[in-house]
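Colleague: here is my input; please provide its structure:
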Amino acid sequence: MREDAITMAVIDRHEEVSVQLVGAPEDADAVFAALLAAYPCDRAAGEHPHPEGRGYHTTVWSATYDVASPPAAGPVAATSLHAPVGAELSGSYAAVDRLARAMTAGFAVEVEHAVSGDGEQQLRLRLESPRAGDG
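Modeller: Numbers count the residues shown, from 1 in each chain. Down below sits the predicted model:
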């Protein structure tokens, strides 16, 4: 009698958070750099937001961060921004909460909107330079 091998799929259970940023390219770059220093990301370190086209129009930059483990390089560093940056985080409840809390170490964070679904959460945040005395 022949025994059939049973193959099991290994499910990658990384806690990923999708981050979309709206703001000036240099400020979006500063936010991505601060997060990349703390968490693994699908965005290359040398990949920087840059203006698209001519004239004013809203550009959204995105990256996905793996927040399954504690920050590799410590907490998100305090980061100066020239102007507020809009950030939208989406992922599992635990992952979004973990990243949003970590961001408060590096930025003044205001929750503008939250949407909860079946196992996922979406937060819209306003990020600014840390206020004096924060952290």
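Colleague: and whichever strand or helix holds D29, what does it pack against?
Modeller: Assessed by DSSP states H and E, D29 sits inside helix 25-36. Contacts defined by 3 or more C-beta pairs under 8 Å, 6 or more residues apart in numbering; DSSP states H and E place helix 25-36 against strand 16-22, strand 60-66, strand 85-92. For every residue, glycine as well, the C-beta is placed using N, CA and C.
Colleague: pull the distance from the longest one to the chain's centre.
Modeller: This means strand 85-92. 6 Å (C-alpha atoms, centre = their mean, to the nearest Å).
Colleague: next, the contact list for Y93, please.
Modeller: By C-beta atoms under 8 Å, 6 or more residues apart in numbering, the contact list for Y93 reads S116, G119, E120, Q121.
Colleague: among these, who's most crowded?
Modeller: Q121 (19 neighbours; other C-beta atoms under 10 Å).
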